[in-house]
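*Asks:* Pasted the sequence and its predicted model underneath.
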Amino acid sequence: MRGFAEVMAMLRFSMRSKAVRHGMFAVQTVAIICLVIALAWWGPAKREQTQLLQNIDTKRTSMLEAVRSAQVEDAQREAQIAVALLEKKLEVRAGQADLIQGIARLASKRGVRVTSQSFDEGRVQSGDAPLYLELGLIGDYTSLRRLMGDLAMLPMWIEVVEAHLERAGEGGALVKAQMRLLTYRSAKGPQ
C-alpha cells in the first residue's frame, strides 16, 4: 500500500498533463452539475412530500373528528332512548302486589322458586316512597342470573341493591339467593 504522500505526489505529477487537467475539470463540472440537479429536484420533492404529509394529517384529523362526532351522536341518541325508557319506567308506580306478581311470573318462567318475601318502605323523598323488597330464592345459578337480568323487562323501575348467593346444601346444583330490590312508588299511590 502506498502512503498518502505518495498518492498526492502521483496526482501532482499527473496534473502536469493538459489532458488530465481537462479531464479533472470535466469531472468536477459534471459533479457540480449533478449536485445542482439533485438539489433542484430534491428541494421541490421535499416541499411536495411535506405538503402531502400535512394534507394526510389534515384529512386524518377531519376523519377522526367525523368519527368522534358520529360516536357522540350515537351515544347521545342511545342515552336519550335510555332516559326516555327510564322515565317511562319511573312513571309506573307499582304497588306491592304488582311487584310480587311480576317477579313471581319471571321466577316461574326461569324455574326459580320464591321462598320468602318481605317489604320495607323507606322515607318519602320528593313525593316518591322507596319500596324495598327482600326476596329469598332457590334455583340453579344460571336461572338466578337470568332472573336478575329479566328484572329490567318489568314495566317498573327495579334496582338490585344487594344479592347474596350461596349453595343450598352439600354438593347440590341449587343456589340459595337473598336479594334486596328497590323500586319507587308515589307516596299517595296504591299500597
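*Replies:* Everything's here; your move. Numbers count the residues shown, from 1 in each chain.

*Asks:* In a strand, G171, correct?
*Replies:* No: under DSSP: H, G, I helix; E, B strand; the rest coil, G171 falls outside any strand and is assigned coil.

*Asks:* burial count for it?
*Replies:* 5 (other Cβ atoms under 10 Å). Every residue, glycine included, has its C-beta placed from N, CA and C.

*Asks:* and the protein, what are its domains?
*Replies:* Following automatic domain parsing, the chain resolves into domains at 1-91, 96-186.

*Asks:* okay, those domains, which one's buried deepest?
*Replies:* domain 96-186 (a mean of 15; mean count of other Cβ atoms under 10 Å).

*Asks:* could you give me the average pLDDT of that domain?
*Replies:* The average pLDDT for domain 96-186 rounds to 84.

*Asks:* How far does it sit from its chain's centre?
*Replies:* Put simply, domain 96-186 sits 31 Å off its chain's centre (Cα atoms, centre = their mean, to the nearest Å).

*Asks:* Where do the strands of this structure begin and end?
*Replies:* Using DSSP state E, the strands assigned to the chain run over residues 113-121, 128-140, 159-167, 174-186.

*Asks:* right, so of these, which gets closest to L35?
*Replies:* strand 159-167 (78.2 Å; Cβ to Cβ).

*Asks:* Quick check, central residue of this structure?
*Replies:* The centroid of the chain falls nearest to Q71 when counting by Cα atoms, centre = their mean (10.4 Å).

*Asks:* Now do the contacts for that one.
*Replies:* If a contact means Cβ atoms under 8 Å, 6 or more residues apart in numbering, then Q71 has no contacts.

*Asks:* Regarding the chain, what is its longest helix?
*Replies:* Criterion DSSP state H: the longest helix present in the chain is helix 18-91.

*Asks:* Distance of I33 relative to A19?
*Replies:* 21 Å (Cβ to Cβ, to the nearest Å).

*Asks:* quick one: pLDDT of G43?
*Replies:* 82.

*Asks:* related to what we said a few turns ago, adding distance to M148, write the strands of the chain out as TSV.
*Replies:* Shown next, in TSV, are the strands of the chain (distance: least, Cβ to Cβ, whole Å):
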stretch	distance to M148
strand 113-121	14
strand 128-140	10
strand 159-167	6
strand 174-186	8
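
*Asks:* right, so of the ones you listed, which gets closest to S14?
*Replies:* Closest of the strands of the chain to S14 is strand 159-167, at 97.8 Å (criterion: Cβ to Cβ).

*Asks:* From the rest of the structure, what touches the closest one?
*Replies:* With Cβ under 8 Å, 6+ apart as the test, strand 159-167 has contacts from 132, 141, 144, 148, 151, 174-183.

*Asks:* beta partners for D140?
*Replies:* Using DSSP bridges, the bridge partners assigned to D140 are L174.

*Asks:* Who are the contact partners of the closest residue to D128 other than its chain neighbours?
*Replies:* Once flanking residues are discounted, D128 sits nearest to Y184: 4.5 Å by Cβ to Cβ, 6 or more residues apart in numbering. Residues near Y184 by Cβ under 8 Å, 6+ apart: L90, R93, D128, A129, P130, L131, W157.

*Asks:* Since that was my last question, I'll sign off now.
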